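Chemist: Please work out how this folds:
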Amino acid sequence: MEFEVENFRSFADPVTFSMIASSDRSHAEHLINMDGSKDRVLRSASIYGANASGKSNLVMALGMLQTMVLRSHLAQLGEPIPFFPFKFGKPGERTSTRYRVVFLASGVEYEYSLEHDAERVLNESLYHYPKNRKAIIFERSDGRTLRVHQDGGPLRAIAEKTLPNTLLLSKAVQDNHALVIPAFRWFQERLMVILNINSMVVEERALARMQQDEKFRAFLLKALKMADIGIVDIRGKVVQMDQDELARMPPEVQEQMRGMVNGKIEQWRRLEIKTVHQTQDDDGEPVRMELDFHGEESLGTQKVFAVVSLILEAMESGRVLVMDEMDLRLHPLIARFLVEMMNDPEQNRGNAQFLFTTHNTNLIDLDLFRRDQVWFVEKDEGGRTRLYSLSDFKVRKDLRVQKAYEIGRFGAIPFVQGGKVVE
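Modeler: Numbers count the residues shown, from 1 in each chain. The predicted structure is shown next:
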């Protein structure tokens, strides 16, 4: 529902991204009424900005918080905490990174906050809002638990065994503490942060789902057909690879394989995917033709398959999908089709949410988005990124917002200097 970060990469100052709906009355169908919260939230949101302005940093910050929650309990004594502060700060400015996220889990609103540096957790807290009233689960400061829920007595004992560089939320769930499990499961099962689509991971998961779930298979093929890329069927299998076969592959593919299987040669594998296209012969008779997915399909088609499969997975289970550069290599009309799918309550019945960064100005359209669904990031001369929404501006309903953005009315665009590069 809401995410705040401070002193992470280019976000030197506190910024807050919110999926909570404003008073804007347009596109009411783009809103979700959440059980357990008085607020209505957005189905989707887009973030615009120039290259290197900080768009990806927002996605990275949320992904970093998720990783720490899920894996912090594995930290050894003295192991550094992942720490990426703003590098151009002045003496005396904040030297720790701070996160805050508000979300809904098991029908209850939660608020989790974390502050840390490279060596230890400085502050950590978890609250929930049963019956819309704020109640503490735990508060931790400088490695000590100061306050806990009335039923959270064991949290004190767990906190005493928690290392200074370890999150109590991550540690407590390993001890099966009931009060923290719903919050942990939101990070584990509901939040999907995609910084770089690892094609093999996404494709393998999609293929497995297609083989196990006929409904998912039908939805995916229908979406690909509607995207007009000519695919009527997909078949695939995982093939184990030996070291000689791996050596013949491009270096970047080798690196991907190693990353997927922890360097175990006997587990290196590749996907054999075939796409089936419907075409016609010289006599006009229908003919089906099979293509190698990685060797003969375009990178754009591969991206469509990956993004559509992720969106369908999110919609099916009501997940929060956060994706960097969603429309890279996608035609603008296909990108628009995907956004419309997420915004449509008849298709997005699981009330999934979709947040993505993009350069596609064709999507800045009040026929597609509400004002509070469009966000901008802009970096100042000191390298600091600020985050703001289109709803911060007075915008007429008939304004061509795409054109207004492109001429700089809302900021967050590159200012390209003219002149000759080659004389």
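
Chemist: I figured residue 317 hits residue 349, correct?
Modeler: No. The pair residue 317 and residue 349 does not pass the contact test of Cβ atoms under 8 Å, sitting 11.0 Å apart. Any C-beta I mention is one placed from the backbone N, CA and C, and that applies to glycine too.

Chemist: Who are the contact partners of the residue most central in space within the chain?
Modeler: Residue closest to the average C-alpha location in the chain (Cα atoms, centre = their mean): residue 322, at 1.9 Å. By Cβ atoms under 8 Å, 6 or more residues apart in numbering, the contact set of residue 322 is 59, 62, 63, 191, 192, 193, 194, 355, 356.

Chemist: Just the pLDDT at the residue located most distally from the centre of the chain, thanks.
Modeler: For the chain, the largest distance from the centre (Cα atoms, centre = their mean) belongs to residue 283, which lies 48.0 Å off. As predicted, residue 283 sits at a pLDDT of 85.

Chemist: nearest spatial neighbour of residue 374, skipping sequence neighbours?
Modeler: Take residue 374 and drop its neighbours on the chain: the residue closest to it by Cβ to Cβ, 6 or more residues apart in numbering is residue 390, 4.0 Å away.

Chemist: do residue 159 as well
Modeler: residue 145 (3.8 Å).

Chemist: Can you get me a residue count around the one you found?
Modeler: The number of residues packed near residue 145 is 19, by other Cβ atoms under 10 Å.

Chemist: Show me the strands in the stretch 301-423 of the chain, by range?
Modeler: Counting by DSSP state E, counting those that start in this stretch, the stretch 301-423 of the chain has strands at residues 320-323, 353-357, 374-379, 385-389.

Chemist: which one of those strands lies closest to residue 340?
Modeler: Evaluated with Cβ to Cβ, those place strand 353-357 nearest to residue 340, the distance being 11.1 Å.

Chemist: just checking, what packs against the closest one?
Modeler: Judged by 3 or more Cβ pairs under 8 Å, 6 or more residues apart in numbering; DSSP states H and E, strand 353-357 is in contact with strand 44-48, helix 55-71, helix 299-317, strand 320-323.

Chemist: Residues in contact with the second one: which ones?
Modeler: Spelled out, it's helix 55-71. Contacts for helix 55-71 (Cβ under 8 Å, 6+ apart): 3, 5, 8-11, 15, 17, 47-49, 81-82, 84, 99, 101, 112, 114, 167, 169-170, 184, 187-188, 191, 193-195, 322-325, 357, 377, 385, 387.

Chemist: Got a ChimeraX select line for the buried ones in those residues?
Modeler: The buried residues among the contacts of helix 55-71 can be selected in ChimeraX (16 or more other Cβ atoms under 10 Å) with this line:
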select :3,5,8,9,10,11,15,17,47,48,49,81,84,99,101,112,114,167,169,170,184,187,191,193,194,322,323,324,325,357,377,385,387
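
Chemist: Skip the chain neighbours and tell me the closest residue to residue 334.
Modeler: Closest residue to residue 334 apart from its sequence neighbours, by Cβ to Cβ, 6+ apart: residue 227 at 5.1 Å.

Chemist: Quick one: mean pLDDT for stretch 70-87?
Modeler: 94.

Chemist: And that stretch, how far out from the chain middle?
Modeler: Distance of stretch 70-87 from the chain centroid (Cα atoms, centre = their mean, to the nearest Å) equals 21 Å.

Chemist: Now do the buried residues in that stretch.
Modeler: Residues of stretch 70-87 classed as buried: 70, 72, 73, 75, 81, 84, 85, 86 (neighbour count, 16+ other Cβ under 10 Å).

Chemist: Dump the residues you listed to JSON lines, plus secondary structure.
Modeler: Shown next, in JSON lines, are these (DSSP: H, G, I helix; E, B strand; the rest coil):
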{"residue": "70", "secondary structure": "helix"}
{"residue": "72", "secondary structure": "helix"}
{"residue": "73", "secondary structure": "helix"}
{"residue": "75", "secondary structure": "coil"}
{"residue": "81", "secondary structure": "coil"}
{"residue": "84", "secondary structure": "coil"}
{"residue": "85", "secondary structure": "coil"}
{"residue": "86", "secondary structure": "coil"}
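
Chemist: Closest one of those residues to residue 297?
Modeler: Closest approach between the buried residues of stretch 70-87 and residue 297, by Cβ to Cβ: residue 70, at 33.3 Å.

Chemist: Great, nothing more from me.
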